[in-house]
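# Need a 3D model of the following:
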Amino acid sequence: MEWTKREIRRVRYRAVKKVARKAVSVAKNMAFDRLYHRLGTKEREKEVFKLARARERKTRDLGVVRIQKSMRDDEGTFPNSLIGK
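Next comes the predicted model:
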């Protein structure tokens, strides 16, 4: 069977993707192991507050982006009524 360039690229892509998924999985597992270890120590309260602050900042940023996009007019600029002109 003769393989086309497209089929060869697809096979290579799948192989690379499989390796990348495995690497990400290993990295995530290591990160969670470190997190759970830190939560088992005396400083667990500090870690919990760090996580809560990070989550709050993450949601706050998304809200700002959504508001700005929804306030724009059809031309992609802010209407004069919102700017105060």
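
# In this protein, where is pLDDT below threshold?
Of all residues in the chain, those with pLDDT under 70 make up the ranges 1, 61-85.

# Domain map for it?
1-39, 43-70 (automatic domain parsing).

# Just put these in TSV and tack on mean neighbour count.
Placement of C-beta: from N, CA and C, glycine included. Below are these laid out as TSV (neighbours: other Cβ atoms under 10 Å):
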stretch	mean neighbour count
domain 1-39	10
domain 43-70	10
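
# What are the boundaries of the helices in the protein?
Using DSSP state H, the helices assigned to the chain run over residues 5-39, 44-71, 80-83.

# The longest one - contacts with which helices or strands?
Applying 3 or more Cβ pairs under 8 Å, 6 or more residues apart in numbering; DSSP states H and E, one finds that helix 5-39 contacts helix 44-71.

# ok, now with 6 Å
Helix 5-39 sits against no helix or strand, with contacts defined as 3 or more Cβ pairs under 6 Å, 6 or more residues apart in numbering; DSSP states H and E.

# 701 is where my numbering starts, stick with that
All set: I'll call the first residue 701, so the last point we hit is now helix 705-739.
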